[in-house]
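K.L.:
Give the three-dimensional model of this entry:
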Amino acid sequence: MYPMHQAPPFQAPYGQRPNASGHPVGAVFLGFFASVVVSLLYSGLILATYKDQSVTTANTLYLGHALLNGAIVGWLVGMVGHRNTGAHVWGAVIAALGAFFGYINSIPLVVAESESPGAVWDLFRYEPLWPAKAWWNNETDGGVDWFSPLGLLLAAAAAWGVAYLIGSRRRQR
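P.N.:
Presented below is the predicted three-dimensional model:
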C-alpha cells in the first residue's frame, strides 16, 4: 500500500498555480470614478478660464488634462489591479474616454455661461452631437483638430504605461 500524500493547496490543470493577483474589476471601477472626478475638475477649470485662453493655452490644458487623467487612472489601476492585463487595457480606455468627455462637457458649460442655458438646449435640439463635432473640428482653419486624437492617445498611453509599471512592481500573491 502506498503512503498517503498531502494534496496540493490548489487544484489547477497540469499543476500550474492560478494567477489571481489583484482585483481587476475594482481597479477598473476605481479608475472610472477617478477619471470622472478629474474630467469634472478640468471642465470647471475651462469654465473659469475660457475668456483668458489662447488656442495654445487651450491645447496645452487639454493635453495636460489627458496626461493627468491617464496618470491617475493608471496609478490606481496598477495599485489595485496589479499585473492584470485586462485591467490595464480597460484603464487605458477609461482614461481616453475621460479626456474626451472632460473636453466635450466643458463646451456646453461655456456656451451656457456666455450665452444662456436656453441656447445650449436649442443647440442640442438642432444638433445633438455638436460638442463632439466641436472637439474634432479646428476653429481657426476649419479642418481637423489633431490635438484632439493626440489627447486620447496620450491619456491611453499614460494610463497603460503607469498601470504596467506600478502593477509589475507589485508582488504576486
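K.L.:
If I look at residue 136, what pLDDT would I see?
P.N.:
As predicted, residue 136 sits at a pLDDT of 87.
K.L.:
Quick check: it vs residue 45, distance?
P.N.:
21 Å (C-beta to C-beta, to the nearest Å). No exception for glycine: its C-beta is placed from N, CA and C like everyone else's.
K.L.:
Can you list the helices and strands that the lengthiest helix in the chain packs against?
P.N.:
What stands out as the longest helix in the chain, according to DSSP state H, is helix 85-114. Helix 85-114 is packed against helix 24-49, helix 55-81, helix 117-126, helix 130-136, helix 147-169, with contacts defined by 3 or more C-beta pairs under 8 Å, 6 or more residues apart in numbering; DSSP states H and E.
K.L.:
Redo these as CSV? Include distance to residue 92 and mean neighbour count.
P.N.:
As requested, the helices and strands packed on helix 85-114 are exported to CSV (distance: least, C-beta to C-beta, whole Å; neighbours: other C-beta atoms under 10 Å):
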stretch, distance to residue 92, mean neighbour count
helix 24-49, 9, 19
helix 55-81, 8, 22
helix 117-126, 30, 12
helix 130-136, 19, 17
helix 147-169, 4, 21
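K.L.:
in this protein, what secondary structure element scores lowest on mean pLDDT?
P.N.:
helix 130-136 (a mean of 89; mean pLDDT, DSSP states H and E).
K.L.:
how about the residue nearest the centre of the chain, what does it touch?
P.N.:
Centroid-nearest residue in the chain, with C-alpha atoms, centre = their mean: residue 95, separated by 1.0 Å. For residue 95, the contacting residues are 31, 35, 66, 69, 70, 73, 74, 155, 156, 158, 159, by C-beta atoms under 8 Å, 6 or more residues apart in numbering.
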